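Here is my input, please return the structure:
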Amino acid sequence: MADQSKPDPSGNKNISIIGDVKDSAVFIGDNNTVNQTIIQKFFNIFKSDAETLEHRNRRILLGHVENAWIKGVLDASLHGAALLDLGIKPDPEAVTKYPWAIQKESTKETIPAGTSMLEIFDNIGMGRSLLILGAPGSGKTTMLLELARGLIARAREDITQPIPMVFNLASWTEKLTLADWLAQELNNLYSVPRKTAPDWVKGNKLLLLLDGLDEVRQESRAKCVEAINSFRKEHGLTSLAVCSRSQDYADLNAKLSFEGAIEVQPLTQKQITEFFNRFGKEMAGIKQVLKKDNALREMAETPLFLSIMILAYRDKQDVEILVSGDEKARRKHLFDTYIERMFERRLENPPFPKKEILHWLSWLAQRMSEHNQVPYLIENMQPYWLDKKKQRIYILGSVLISTLFIAIVSGVGGWLVNGLARGVILGLVGGLLYGIAGGFSEIEMIGTLIWDLKKGRTGLIVGLVIGFFVALITSFFAGWINGLGFGIFIVLDILLLSGITQKPINKMIYPGQNISFSIRNSFIAFIIIGLIIELAVGLIFLISGKLFVGLHVGPISGLSGGFIIGGYSVIRHYFLRFTLARNNLLPWRLVPFLDHCVDLIFLRRVGGGYIFVHRLLMEHFAEMYVETPTSKGN
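Presented below is the predicted three-dimensional model:
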């Protein structure tokens, strides 16, 4: 538990200062409290605001985690109501302890009922590390998020406590160390700026809650365990908890070097019976089946399946529930029935046809599983989600769009100054090169525009050098007015494109937010760059009598800047969406479709992204996907 400060017997209040303090002064005298407060506030004006900024960042991050994972997932979890009081058994043999750790023997006894996850975590001691194991659907993630809830409350009360952050290990790859991956995910999921994210990781400011070790690619799981162990050696003061399916973890040769491990136990038959009794006659059918079918009764010991049974088999007769075959067949029947019941409870005129929803959702589930994208963020979709043939079509389209745009802009510029033909040729070459480079790269949206002074200085130096030579050469062929104008144009263009940079959005609150910001930033860049170029360069041409050139140089420059800063990324994203819709892989109206799937209780909203209500349901949908003639292309 957090340490509580004891009151000073002298009557003075304790003051706790967190962060770096610069140029601080302490006044001791006979002034009363009011005067001291006034003086302190006066001097605080001249103090660094680093403390305030750090506390603000803490509040934002805590809000991110709470909104996305506690309110968005835990409170709305599919099997939250069925958790009852899960048994938890210590499993010390699942981890390799540090040499100084107290050795404990395995026991069959569970932790006393009513013990919270926070208490279990606290009992490990300082530098806590806990492995949470369990069967699929047993409630591992729910336990992890219950721990997160308690840690968030503690961190809000005590600013010396680390910030609990939830990550899904599915997106980890061997290319990155765990620290680098965490910094990347802080930027992607929680909008922590790229420059400061590594400092949050290395500074022991976070408490890491890592879900889904078993969701890492099978061939990379042992490497992931090694990466976590290496991180522990370098950042031993950072507490963390990891979740994994028991069998998948047992199949690994490597073990986590943690202080503690627990395993979530199945529900007892008494708990299952008591839970079904809450619903009276509505669950009479499934209760009868459970008496006859041992395999189905074992499935009910898992909170997830118990909850799905409530939704799928409510008011159904036992003859409608009986399933022949193995466990896989029973699980498939259960999920299929659940999906059908979810469609039945919707409105008469759904916004999308049922057949299409199943097809689109199954394709999405397959791609999320294949590319380890949990949660799914619309703006993070990439061209490599397409098969090879569709990728080639997408790249060709991106190159054509870029070439056409730049050729038009350059052609107009060349026509205004020194001939249409030269401008078009220059535009075709430049657009082709830019399009090829963009077509093969990942789509990256632009967050919030800021001015980077250091990059701006570098851009100014480079611009002055290049601008001087351009002005010199142009003056020789087209006169000093044109030379001066083009020289200044080059300097300002390089300066602005170098200095205008981005930082991530402070808070992801709706799907596609980065896309909206990129569109906005493209317009801002168009206005800023166009206005500055017009005032500086256009004025020179206007004075020299070249009215037509002077009026158009600003808008053309603005169009180019807006295309580079956000515009091309947005165009590529929507062209990818068009390609997906054209091949009937996802609908064009993507957000309404995803929100409809949330209403159907297939998906959950997590901040600005989406996750399936459970990984098992995602796997079920992924297995449903079958390519159709339409999805293969037209």
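
for stretch 56-69, what is the average pLDDT?
Stretch 56-69 shows a mean pLDDT of 82.

what do you get for stretch 301-313?
So the average pLDDT for stretch 301-313 ends up being 83.

For it, buried residues please.
301, 302, 303, 304, 305, 306, 307, 308, 309, 310, 312, 313 (16 or more other C-beta atoms under 10 Å). In this view, the C-beta of every residue, glycine as well, is placed from N, C-alpha and C.

after the helix or strand harbouring residue 233 comes which helix or strand?
With elements taken from DSSP states H and E, the one containing residue 233 is helix 221-234. Downstream of helix 221-234, the first helix or strand assigned by DSSP H and E is strand 240-245.

For the next helix or strand after that following strand, report the contacting residues that lie outside it.
Downstream of strand 240-245, the next assigned helix or strand under DSSP H and E is helix 246-250. Identification of contacts with helix 246-250 by C-beta atoms under 8 Å, 6 or more residues apart in numbering yields 94, 131, 133, 134, 135, 213, 214, 221, 263.

Now do the helix or strand the second one falls within and helix 221-234, the angle between them.
Under the assignment given by DSSP H and E, the secondary-structure element containing residue 131 is strand 129-134. Counting by axes from the mean of the first three to the mean of the last three C-alpha atoms, to 10 degrees, strand 129-134 points 150 degrees away from the direction of helix 221-234.

Hmm, residue 86 is touching residue 267, no?
Yes. Counting by C-beta atoms under 8 Å, residue 86 touches residue 267, with 7.2 Å between them.

shared neighbours, the two?
residue 303.

Mind checking which of those two has more residues around it?
Per other C-beta atoms under 10 Å, whichever of residue 86 and residue 267 has more neighbours is residue 267, with 23 against 20.

Need the three-state assignment for the more buried one.
coil (DSSP: H, G, I helix; E, B strand; the rest coil).

mind listing what it touches?
Here residue 267 is in contact with 84, 86, 275, 300, 301, 302, 303, 306 (criterion: C-beta under 8 Å, 6+ apart).

can you list the domains in this protein?
62-264, 269-345 (automatic domain parsing).

so can I have a markdown table of the buried residues of stretch 301-313 showing distance to residue 589 and secondary structure?
Output for these, formatted as a markdown table (distance: C-beta to C-beta, whole Å; DSSP: H, G, I helix; E, B strand; the rest coil):
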| residue | distance to residue 589 | secondary structure |
| --- | --- | --- |
| 301 | 41 | coil |
| 302 | 36 | coil |
| 303 | 34 | helix |
| 304 | 30 | helix |
| 305 | 33 | helix |
| 306 | 35 | helix |
| 307 | 30 | helix |
| 308 | 29 | helix |
| 309 | 33 | helix |
| 310 | 32 | helix |
| 312 | 29 | helix |
| 313 | 33 | helix |
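
which one of those is nearest residue 116?
Distance to residue 116, by C-beta to C-beta, is smallest for residue 303 among those, at 17.3 Å.

hang on, the earlier thing: got CSV for the buried residues of stretch 301-313, with distance to residue 332 too?
Converted to CSV, those look like this (distance: C-beta to C-beta, whole Å):
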residue, distance to residue 332
301, 19
302, 16
303, 19
304, 15
305, 12
306, 17
307, 17
308, 12
309, 14
310, 18
312, 12
313, 15
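
now, which of the residues you listed sits nearest residue 471?
Nearest member of the buried residues of stretch 301-313 to residue 471, counting by C-beta to C-beta, is residue 304, at 69.7 Å.

For the nearest residue to the closest one once chain neighbours are set aside, which three-state class applies?
Sequence neighbours aside, residue 137 is the residue nearest to residue 304 in space, at 3.0 Å (criterion: C-beta to C-beta, 6 or more residues apart in numbering). Following three-state DSSP, we place residue 137 in the coil state.

so who does residue 137 touch?
So residue 137 contacts 79, 302, 303, 304, 305, 614, 616 (C-beta under 8 Å, 6+ apart).

What is the most widely separated pair among the residues you listed?
Longest span within these, C-beta to C-beta: 303 and 616, 11.8 Å.

Please identify the helix or strand for the most centrally placed residue in the chain.
Nearest to the mean C-alpha position of the chain, by C-alpha atoms, centre = their mean, lies residue 189 at 2.7 Å. Assigned by DSSP H and E, residue 189 falls within helix 178-190.

avg pLDDT for that helix?
On average, helix 178-190 scores 87.

How far away from the center of its chain is it?
Distance, stretch centre to chain centre, for helix 178-190: 9 Å (C-alpha atoms, centre = their mean, to the nearest Å).

Pull out the buried positions in it.
Result for helix 178-190 [16+ other C-beta under 10 Å]: buried residues 178, 179, 181, 182, 183, 184, 185, 186, 187, 188, 189, 190.

Kindly reformat those as a markdown table containing distance to residue 317.
Below are the buried residues of helix 178-190 laid out as a markdown table (distance: C-beta to C-beta, whole Å):
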| residue | distance to residue 317 |
| --- | --- |
| 178 | 52 |
| 179 | 56 |
| 181 | 50 |
| 182 | 51 |
| 183 | 55 |
| 184 | 52 |
| 185 | 48 |
| 186 | 51 |
| 187 | 53 |
| 188 | 48 |
| 189 | 45 |
| 190 | 48 |
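
and of these, the nearest to residue 583?
residue 188 (26.7 Å).

Contacts only, for residue 378.
511, 512, 515, 590, 591, 594, 609.

Check for me that the third one belongs to a strand.
No. Using three-state DSSP, the secondary structure at residue 515 is helix, not a strand.

Could you report the neighbour count for it?
Neighbours of residue 515 (other C-beta under 10 Å): 20.

Buried residues, the helix or strand encompassing residue 339. List them.
According to DSSP H and E, residue 339 maps onto helix 327-344. Neighbour counts over helix 327-344 (16+ other C-beta under 10 Å) mark 330, 331, 332, 333, 334, 335, 337, 338, 339, 341, 342 as buried.

Let me know the closest of these to residue 64.
The closest of the buried residues of helix 327-344, once distances to residue 64 are taken by C-beta to C-beta, is residue 342, at 29.1 Å.

What about the nearest residue to the closest one once chain neighbours are set aside, how many residues nearby?
Leaving aside its sequence neighbours, residue 342 sits nearest to residue 600 (C-beta to C-beta, 6+ apart; 4.7 Å). For residue 600, the count of nearby residues is 18 (other C-beta under 10 Å).
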